[in-house]
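What shape does this take:
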Amino acid sequence: MSDEQTKDDNKALEVNAAEQSNADASLQPANPAVASEKSGGSGGLLGAISFVLIILLLLGLLGAGGWYGYGLYQQTNAALSSVKQAQTELVGKAQEFEGRVSQRMQAMLLKQQETVDYIDVLREKNQHLRKDWLLMESEYLIQLATYRLLFERDINTAIIALESADERLRDTGDPGILNVRKMIAQAVQELKQVPQADLAGLSLQLSAINKTIDKLPLTTSDPKAKQQLEQQEMEGAKKVESWSQLPAVIWSDLKGLVEVREHDKPIEPMLAPKERFFLIENVRLQLEQARLAMLSGQAAVYKERIATAISWISEHFDNKASITKTTLESLTTLANESIAPELPEIAYTYQALQKYRLSREEPVSKPETVLDKSTQQVN
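This next block holds a predicted model:
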């Protein structure tokens with residue numbers, strides 16, 4: 001069944017193919033030459049038209065491209081000219097800026113030079129100021145030495161002040177001040193040659209004597225004074241340092257057993273306790289005034305107060321008593337002390353310093369700057 005069906009299908013296909021070939025043959029022209037001429041003429045016309053169109057298209061494209069290129073060329077020239085113009089302006093501005101910078105640099109260099117010059121002037125002024133300060137300190141110290149010497153007779157302080165003034169003058173480093181230093185050295189040597197009393201020691205001696213005034217026995221028969229005298233003699237008798245002093249002590253005790261009173265002189269009345277108190281206080285007051293006068297350098301007052309105290313002690317107290325004798329001897333020695341020797345004159349040191357200061361040159365002034373000159377020109 002299958003083989004027969006396959007054969008039928010093949011036959012149907014062959015019949016269809018034959019029919020198709022007949023239909024194609026009927027469509028072709030009967031004259032082949034005429035057909036070929038018609039197809040050749042129409043194809044040439046179309047080719048010419050296409051060629052013309054292509055040429056026109058190319059010409060249009062070339063024209064459009066040329067126009068576009070010309071516009072682009074003009075734009076490029078305009079941009080180039082603007083760039084050249086901007087470059088020229090920038091060069092001019094750069095040159096102008098460079099000129100300004102150069103002027104500023106020159107002005108700064110001038111200012112810098114002025115500053116350096118002014119610093120030099122200030123340094124020189126500073127040296128002058130330091131020198132002036134040292135001179136003022138020296139002047140003050142010399143005045144202090146003169147004051148202490150004249151009003152307080154303080155030789156040691158005057159010497160120290162003059163030596164300090166000499167140190168400050170040395171620090172100035174000015175050779176023109178050597179004459180002043182010479183005068184100061186001379187004044188110091190003169191002060192060192194002045195003999196100085198031991199005022200502290202003399203003051204202590206006067207204070208010690210002042211404390212023993214109430215122990216002095218009176219010339220009148222004062223029971224209290226007599227009792228003090230006997231007590232002092234007993235204390236002295238008890239002090240036996242060797243066998244050689246023993247006979248003297250025994251003899252002193254034997255003399256104390258017998259009392260001899262002399263009536264060839266008028267008997268003075270015994271002082272009242274208040275009178276004795278005021279007498280002792282007045283003597284103490286004289287000694288205290290003598291001590292203060294000694295410390296202040298008043299030699300006349302010092303001697304006069306000690307002389308008054310010696311006179312009162314000699315008149316109202318027992319001069320035969322050992323304590324009275326010792327007190328009077330001590331006061332006489334103190335009265336002969338030279339507490340206020342003659343002092344040298346040192347005012348010439350101050351005069352020499354003043355003469356030097358007057359002969360000094362004026363300090364250097366500030367230099368005139370360019371700004372000051374321009375201000376003057378404007379004015």
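
Show the average pLDDT along the longest helix anywhere in the chain.
Looking across the chain with DSSP state H, the single longest helix is helix 32-151. Averaged across helix 32-151, the pLDDT comes to 79.

can you check stretch 296-310 too?
Mean predicted lDDT for stretch 296-310 stands at 89.

Let me see the residues that make contact with that stretch.
152-153, 283, 286-287, 289-290, 293-294, 328, 331-332, 334-335, 338-340 (CB atoms under 8 Å, 6 or more residues apart in numbering). The C-beta positions use only the backbone N, C-alpha and C, and glycine is treated the same way.

try it again with 6 Å
Outside stretch 296-310, the residues that touch it by CB atoms under 6 Å, 6 or more residues apart in numbering are 153, 283, 286-287, 289-290, 293-294, 331, 335, 339-340.

what residues are up against Lys84?
Contacts of Lys84 (CB under 6 Å, 6+ apart): none.

how about low-confidence regions in the stretch 251-379 of the chain?
Per-residue confidence for the stretch 251-379 of the chain (pLDDT under 70) gives these ranges: 252-273, 361-379.

now do 50
362-375, 377-379 (pLDDT under 50).

Break down it into its helices, ranges please.
In the stretch 251-379 of the chain, helices defined by DSSP state H, counting those that start in this stretch lie at 273-295, 299-316, 322-335, 347-358, 370-378, listed in chain order.

what's the closest of these to Lys182?
Closest to Lys182 of these, according to CB to CB: helix 347-358, at 8.3 Å.

now the angle from the closest one to helix 32-151?
Relative orientation of helix 347-358 versus helix 32-151 (axes from the mean of the first three to the mean of the last three CA atoms, to 10 degrees): 150 degrees.

which other helices and strands contact helix 347-358?
helix 32-151, helix 178-192 (3 or more CB pairs under 6 Å, 6 or more residues apart in numbering; DSSP states H and E).

and among those, the most buried is which?
Of all the helices and strands packed on helix 347-358, helix 178-192 has the most neighbours on average by mean count of other CB atoms under 10 Å, namely a mean of 17.

tell me what it is packed against?
helix 155-172, helix 347-358.

re earlier: how about the helices of the stretch 251-379 of the chain in JSON lines, adding mean neighbour count and distance to Glu139?
Output for the helices of the stretch 251-379 of the chain, formatted as JSON lines (neighbours: other CB atoms under 10 Å; distance: least, CB to CB, whole Å):
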{"stretch": "helix 273-295", "mean neighbour count": "17", "distance to Glu139": "29"}
{"stretch": "helix 299-316", "mean neighbour count": "18", "distance to Glu139": "31"}
{"stretch": "helix 322-335", "mean neighbour count": "16", "distance to Glu139": "40"}
{"stretch": "helix 347-358", "mean neighbour count": "16", "distance to Glu139": "6"}
{"stretch": "helix 370-378", "mean neighbour count": "10", "distance to Glu139": "36"}
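
so which of those helices comes closest to Leu56?
Among the helices of the stretch 251-379 of the chain, helix 370-378 sits nearest to Leu56 (CB to CB), with 82.0 Å.
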